[in-house]
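[1] Return a 3D structure for these sequence lines:
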Amino acid sequence: MDEWFFFVTLIVVTFFFLKLVTLPPSFFKTHFKSIVILGFVLRILCFLIPPIWEDDWARYLWEGHLIRQSISPYEIPPIEFFGDSSLDQFTNAILSQVNHPEWTTIYSPFVLVYFSLFTYGFSTFLLKLSYFVFESISFLSVTDKHHAKPILLYWTCPILIKEVYVNLHFEILIVSFFWLYIQFLKQKQWKRSAFTLGMMVHTKFFAILYGAVIIPYFLLLKRRQIFLSLLSFFGSAIAGFSLFYILYLLIFPETKDFGFSNLHRFGDTFTFNQFFEPVWSFFHTINLRSFPFLFSFILLFVYVYLLLPSKNRGKRFLVLCKQYQFLFYFGYFLLTILPVYNPWYFLTLIPLISMFPSKNITPWVLIFSLQLSYLTNVRLLLPFQHFYEISTPILLLEASISITCILQYFKQLFILLYNLSNISNIASKG
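    Just a heads-up that it's a prediction; the model follows:
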């Protein structure tokens, strides 16, 4: 019952947040300190709330425990410890809550080492505290009262706060790294920014999308500098990506697979929250997921590029990409191609909304609608064939929200294309 109370509260708070998105930048400048404090208070309050309909945290604690015991989670699955008489009652209670216990880990070495350091004594409080400290440092490093709205929307996002400080999802590490990465780029500290990008990609491969953020910065360099700067940047990025693989091999030299084969098998054998599937089945076709939307999206931006005047075309195009939140939507379409649409995967897109803010709530709605995936048949007391099953009406509701938002966005792109076409026609007539 408590979980339902917290879930409904989250929905209510989310609606208030969407109203906040529509407010002018002046509001955020006026109430800057109050909103910063509110973000801190919400995070601290969530320290007291146990995970809501989520069990990934148990694996985090268990695999951190294995590392401290000098056992590699890549080698031995949790199920091997079932019935181990040497485990105490509390440890067994954690172990019994690990999902898919027959699987070894799919997390990167950095994430596993992080769990080993900040889950001592199977403490969820310590893990939350470590998230809080790291995120606060990265947030304060980029906080700017003159551009308050973007960062404060991120700081008060209820879904992010809930997924991290209630459900303990480690995607906050990527998000926190992202703000440091942006700060290093602004300071033209290329090696540090590249190393940070490498760490993000190491943590989750999807973070390679953030690499596109460097393009405007490098375009400001002189042509002679670009090649050497890119060479140095890629070298530092590879160092950041490789560091914890090397450290892990020094600790566990027998490691042969860092979970890559497991991750591939996971994608082949498991799906979750495929909300486009019932839509495609209505048309009697295979599940195309978001491929048609991704193809249309790329095609529309190709047309935008071609319709721009040739003079400074690249820079004009980058400005429009920023204005129309290209990276966010590209990331959304990529994530919805995956077999699993876990709502916390999409937390990595929140900084991309915050970087290029507008009064349009569409991107936020796309992120928030994924919370409906928590309404599985088990939780709704409906008949189910497997534990994570979601009923077709819930999937269709998610799909309807997503498609409505996508079509609304495409409408904006069509208007842009129409305006560019008119300008091009006028210019050609002289």
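
[2] roughly how far out does the helix or strand hosting L263 sit from the chain middle?
    Secondary-structure element containing L263, defined by DSSP states H and E: helix 260-269. Helix 260-269 has its C-alpha centroid displaced from the chain centroid by 20 Å (C-alpha atoms, centre = their mean, to the nearest Å).

[3] Just the buried residues of it, please?
    Neighbour counts over helix 260-269 (16 or more other C-beta atoms under 10 Å) mark N262 as buried. C-beta coordinates here come from the backbone N, C-alpha and C atoms, glycine included.

[4] Which strands and helices lie in contact with it?
    Where contact means 3 or more C-beta pairs under 8 Å, 6 or more residues apart in numbering; DSSP states H and E, helix 260-269 is not packed against any helix or strand.

[5] Rounded mean pLDDT for that helix, please.
    Taken as a whole, helix 260-269 carries a mean pLDDT of 83.

[6] How about the contacts made by P109?
    Neighbouring residues of P109 by C-beta atoms under 8 Å, 6 or more residues apart in numbering: 202, 244-245, 247-248, 258.

[7] which residues touch stretch 28-47?
    125, 128-129, 132, 136, 143, 145-146, 148-149, 152, 155-156, 158, 161-162, 165-166.

[8] Name the single longest helix found in this structure.
    In the chain, assigned by DSSP state H, the helix with the most residues is helix 392-429.

[9] Now do stretch 330-344: everything it contacts.
    Contacts for stretch 330-344 (C-beta under 8 Å, 6+ apart): 159, 163, 167, 169, 171, 206, 209, 266-268, 270-276, 289-291, 293-294, 297, 345-346, 348-349, 352, 363, 366-367, 370-371, 373-374, 402.

[10] where do the helices sit along the stretch 151-300 of the chain?
    158-165, 171-186, 190-203, 215-219, 223-251, 260-269, 277-282, 291-307 (DSSP state H, counting those that start in this stretch).

[11] any idea how far I94 lies from L249?
    Look at I94 and L249: by C-beta to C-beta, to the nearest Å, they are 27 Å apart.

[12] Compare neighbour counts for these two and give me the winner.
    I94 (19 against 13; other C-beta atoms under 10 Å).

[13] What is the lowest-mean-pLDDT helix or strand in the chain packed up against?
    None of the helices or strands of the chain scores lower by mean pLDDT, DSSP states H and E than helix 215-219, at a mean of 79. Helices and strands touching helix 215-219, as assessed by 3+ C-beta pairs under 8 Å, 6+ apart, comprise helix 223-251, helix 313-323.

[14] Extract the C-alpha set from that helix and format it as PDB.
    Extracted C-alpha coordinates of helix 215-219, given in PDB (Å, rounded to 0.1, in the frame of the first residue of the first chain):
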ATOM      1  CA  ILE A 215      31.500  19.200 -32.300                       C
ATOM      2  CA  PRO A 216      30.700  22.900 -31.800                       C
ATOM      3  CA  TYR A 217      33.700  23.400 -29.500                       C
ATOM      4  CA  PHE A 218      36.100  21.900 -32.100                       C
ATOM      5  CA  LEU A 219      34.600  24.000 -34.900                       C
END
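
[15] chain center to that helix, what's the gap?
    24 Å.

[16] in the stretch 101-250 of the chain, what spans have low per-residue confidence?
    Counting by pLDDT under 70, the stretch 101-250 of the chain has low-confidence residues at 220-221.

[17] try 80
    Within the stretch 101-250 of the chain, the ranges that satisfy pLDDT under 80 run 144-146, 217-229.

[18] picking that back up, separate out the buried members of the contacts of stretch 330-344.
    159, 163, 167, 169, 171, 206, 209, 273-276, 289-290, 293-294, 297, 345-346, 348-349, 352, 363, 366-367, 370-371, 373-374, 402.

[19] mean confidence score for the helix or strand F333 falls within?
    Of the helices and strands defined by DSSP H and E, F333 is found in helix 326-335. Helix 326-335 shows a mean pLDDT of 96.

[20] which ones are touching the closest residue in space to S130 that isn't next to it in sequence?
    Using C-beta to C-beta, 6 or more residues apart in numbering and skipping residues adjacent in sequence, the residue nearest S130 is F118, 4.0 Å away. Contacts of F118 were listed using C-beta under 8 Å, 6+ apart, and they are 64, 126-127, 129-130.

[21] just T143 next, same as before
    T143 makes contact with 36, 151, according to C-beta under 8 Å, 6+ apart.

[22] Relative to P363, how far out is it?
    22 Å.

[23] One more: R313?
    R313 is 26 Å from P363, by C-beta to C-beta.

[24] residues contacting the most centrally placed residue in the chain?
    Nearest to the mean C-alpha position of the chain, by C-alpha atoms, centre = their mean, lies T348 at 2.0 Å. By C-beta under 8 Å, 6+ apart, T348 lies in contact with 171, 174-175, 178, 204, 206-207, 331.
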